[in-house]
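# Here is the input, now give the coordinates:
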Amino acid sequence: ARGAVVGSSSSSSSTACFASTALPRASASRPRDAAPRASQKPAQLYVARGVSASPRIAHGADKKTKLTPENSIEVTFVERDGERRAVRGLIGENLLETAHRHDVELEGACEGSLACSTCHVVFEDEKVLETLPEACDDENDMLDLAYGLTATSRLGCQVTLERGALEGCVVILPRATRNFAVDGFVPKPH
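Have a look, this model is predicted:
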């Protein structure tokens with residue numbers, strides 16, 4: 001094998017990770033494990049490359065993409081001080097990425113890996129929430145840890161923007177978050 005498997009794929013993804021292993025091309029004139037002769041050119045190397053199914057903007061919003069009415073929808077965030085901020089979110093990104101794109105103070109301590117509840121948001125209209133896919137068990141477990149949980153609560157990292165009921169929706173940021181890792185620290189969105 002040219003690359004050794006160092007990770008395994010999860011049931012929800014077909015991602016496989018491979019070690020970057022460089023091996024010289026085999027030659028008919030010498031065994032694979034023999035050292036090259038001084039007169040030979042450097043051996044050609046094969047490098048196994050990893051395969052990833054992660055979205056391109058997985059570690060923060062891609063701020064270079066120009067938002068247009070064709071590729072985005074309007075979302076209104078109600079910040080902790082009550083200020084309403086209408087912003088455009090790129091279709092396909094989640095609420096956490098949209099908030100970071102527009103410097104809305106939605107924490108997201110785990111960067112959307114479903115390991116915290118700091119991106120907890122509350123939908124103003126229950127009808128909008130009813131159109132979204134149901135929260136998975138892992139999301140519900142994290143929501144149980146959220147401050148100010150309501151019937152219309154979701155994690156912002158799990159709500160993907162799409163046309164339809166989310167267009168023009170109003171999302172309320174709770175007055176506080178619970179960040180068990182570093183309580184009191186407010187990181188800058190990236």
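# Can you list phi and psi of Val121 for me?
phi -130, psi 160 (degrees, to the nearest 10).
# Around it, how many other residues sit close by?
23 (other Cβ atoms under 10 Å). From N, CA and C alone the C-beta is placed, and that goes for glycine too.
# now do Gly108
Counted with other Cβ under 10 Å, Gly108 comes out at 24.
# Tell me the spacing between Asn71 and Cys169.
Separation of Asn71 from Cys169 (Cβ to Cβ, to the nearest Å) stands at 17 Å.
# do the same with Asp141
24 Å.
# again with Asp144
Asp144 is 24 Å from Cys169, by Cβ to Cβ.
# again with Arg101
From Arg101 to Cys169 the distance is 16 Å (Cβ to Cβ).
# before we move on, what about Val87?
Taking Cβ to Cβ, one finds Val87 at 12 Å from Cys169.
# So if I had to pick from those two, which one is more boxed in?
Cys169 (24 against 17).
# Just give the closest residue to that one, not the sequence neighbours.
In space, and not counting its chain neighbours, Cys169 is closest to Val128: 4.7 Å by Cβ to Cβ, 6 or more residues apart in numbering.
# With Ala86 instead?
Thr76 (4.7 Å).
# I'd like the next helix or strand past the helix or strand harbouring the one you found.
Assessed by DSSP states H and E, Thr76 sits inside strand 72-78. Using DSSP H and E, the next helix or strand after strand 72-78 towards the C-terminus is strand 84-90.
# what inclination does that next one have with respect to strand 72-78?
If you take axes from the mean of the first three to the mean of the last three Cα atoms, to 10 degrees, strand 84-90 sits at 150 degrees to strand 72-78.
# after strand 84-90 comes which helix or strand?
Counting by DSSP H and E, what follows strand 84-90 is helix 95-101.
# Break down this structure into its helices, ranges please.
95-101, 126-131, 137-143 (DSSP state H).
# so which of the ones you listed comes closest to Ala165?
If you check each of those against Ala165 by Cβ to Cβ, helix 126-131 wins as the nearest, at 3.8 Å.
# List the buried residues in the closest one.
Buried residues in helix 126-131, counted by 16 or more other Cβ atoms under 10 Å: Val128, Leu129.
# mean confidence score for that helix?
Averaging pLDDT along helix 126-131 yields 92.
# Nice, that's everything, thank you.
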